[in-house]
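> Curious how this folds, go ahead:
(4 chains)
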2 protein chains.
Amino acid sequence: MATTTAAQRRAQAKVEYDAFLAGCPSRKLLDRISDKWVTLVLSALGSGPGCVGEPRPMRYSELSRLLAGVSQKMLTQTLRSLERDGLVTRSATATVPVTVSYELTDLGLSLHEMVRGLKAWAQTHMDDVLANRESFDAASV
Amino acid sequence: MATTTAAQRRAQAKVEYDAFLAGCPSRKLLDRISDKWVTLVLSALGSGPGCVGEPRPMRYSELSRLLAGVSQKMLTQTLRSLERDGLVTRSATATVPVTVSYELTDLGLSLHEMVRGLKAWAQTHMDDVLANRESFDAASV
DNA sequence: TGGGGTAACTTCCTGATGGGAAGTACGCAC
DNA sequence: GTGCGTACTTCCCATCAGGAAGTTACCCCA
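A predicted model of the protein is given here:
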């Protein structure tokens, strides 16, 4: 047949791209999204401050305040690359001073589903990890 | 009451730890697991070369070959920190030369569930991202 | 009319970090 | 005793992230 369904194309992509290969474009993409600021920005845009809300647009300054410790440079850089990859949209309104807000696209939302799990995992398993570190450090004195 | 169940403690941890805060330990943990080599190592140990198999132990050299482009330094460093955090176990058998193999713990397996999604996402949405980049770059000439 | 304020960057400098390559330890085989 | 294979470890350098200060554009208040 001449046409393929989305599911078929996706299944094919799975064998075409292999993120284990250094030269594969999907490896570079995986490197890009396996980044702490990407994870935090997507978490913020996807479920708000408490990580329990709905996806909603957020302003630059709001993100900057929420993601404690992010430098302006890194935030701008991260948002720019997410925009380029089609994961967020940037919209500036001509108020004074100019107001810029960022929002997840559908594609960004699909990645958010994955990333949200990471943040939740870190928070729920923190105690386990801490305990493991303690016993590891104690053993290797 | 004086005792708490594991589930209660976990629910409490969710509010105690907030990875958005720069000083929170879970933020540092999230930074640690939002790392390209962590993602790739966990993917490899969790589902083998094609990302379709079962979790199984892998040798240092096997990982090094599979994760094309990883330096020995980074692989050792990543494995060490995963071991410290209780996500993998390291077992050396006294053959000649010594054989070392790494295997996911239950904790590592639970993180693998999240991480596997990231790699799959990168591979299935590669084309979308590529298309977005093209139109973005074309628009900003 | 000019000084101050704010949002969203941008630039510069410097310290940290990742990659590459070379070195190490061990023990057997030749 | 020399060479090899595995699993590291160390050193050096290029790149990169963080911090702080500068930039633009416009309005408000005196």
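> List the residues that contact A:Glu26.
Careful, residue A:26 is Ser and not Glu. A:17-19, B:122-123, B:126 (C-beta atoms under 8 Å, 6 or more residues apart in numbering or on different chains). For every residue, glycine as well, the C-beta is placed using N, CA and C.
> and it, what element?
Using DSSP states H and E, the element containing A:Ser26 is helix A:25-33.
> chain center to that helix, what's the gap?
Centroid separation for helix A:25-33 versus its chain: 12 Å, with C-alpha atoms, centre = their mean, to the nearest Å.
> can you count the residues close to A:Leu82?
Per other C-beta atoms under 10 Å in any protein chain shown, the neighbour tally for A:Leu82 reads 25.
> do you know how far it is from B:Glu134?
Distance from A:Leu82 to B:Glu134, counting by C-beta to C-beta, to the nearest Å: 16 Å.
> Same question for A:Tyr102.
21 Å.
> who's more crowded, those two?
Neighbour count, other C-beta under 10 Å: between A:Tyr102 and B:Glu134, A:Tyr102 has more, with 23 against 12.
> May I ask you to confirm that the more buried one belongs to a strand?
Yes. A:Tyr102 sits within a strand when classified using DSSP: H, G, I helix; E, B strand; the rest coil.
> just checking, it touches A:Pro57?
Yes. Using C-beta atoms under 8 Å, A:Tyr102 is in contact with A:Pro57, at 6.5 Å.
> hey, what's in contact with both of those two?
The contact sets of A:Tyr102 and A:Pro57 overlap at A:45, A:91 (C-beta under 8 Å, 6+ apart).
> what's the offset of the longest helix along chain A from the middle of its chain?
If you go by DSSP state H, chain A has its longest helix at helix A:106-124. Remark: helix A:106-124 is offset 7 Å from the chain centroid, using C-alpha atoms, centre = their mean.
> list the helices and strands whichever helix or strand comes after that helix packs on?
Per DSSP H and E, the first helix or strand lying C-terminal to helix A:106-124 is helix A:126-139. Using 3 or more C-beta pairs under 8 Å, 6 or more residues apart in numbering or on different chains; DSSP states H and E, the elements in contact with helix A:126-139 are helix B:6-16, helix B:25-33, helix B:72-84, helix B:106-124.
> With mean pLDDT and distance to DNA strand D as extra columns, can I get those in TSV?
Shown next, in TSV, are the helices and strands packed on helix A:126-139 (pLDDT from 0 to 100; distance: least, C-beta to the nearest atom of the strand, whole Å):
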stretch	mean pLDDT	distance to DNA strand D
helix B:6-16	57	24
helix B:25-33	94	8
helix B:72-84	95	4
helix B:106-124	93	16
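> Including distance to B:Leu63, could those helices go into a markdown table?
Shown next, in a markdown table, are the helices and strands packed on helix A:126-139 (distance: least, C-beta to C-beta, whole Å):
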| stretch | distance to B:Leu63 |
| --- | --- |
| helix B:6-16 | 31 |
| helix B:25-33 | 17 |
| helix B:72-84 | 6 |
| helix B:106-124 | 14 |
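> Compare these and report which one is nearest to A:Ile33.
Proximity to A:Ile33 (C-beta to C-beta) singles out helix B:106-124 among the helices and strands packed on helix A:126-139, at 6.4 Å.
> residue nearest the centroid of chain A?
In chain A, the centroid-proximal residue (C-alpha atoms, centre = their mean) is A:Thr39; its distance is 3.4 Å.
> Kindly report the residues of chain A close to DNA strand C.
Listed as neighbours of DNA strand C in chain A under the rule C-beta under 7 Å from any atom of the strand: A:59-61, A:72-73, A:76, A:79-80, A:90, A:96-101.
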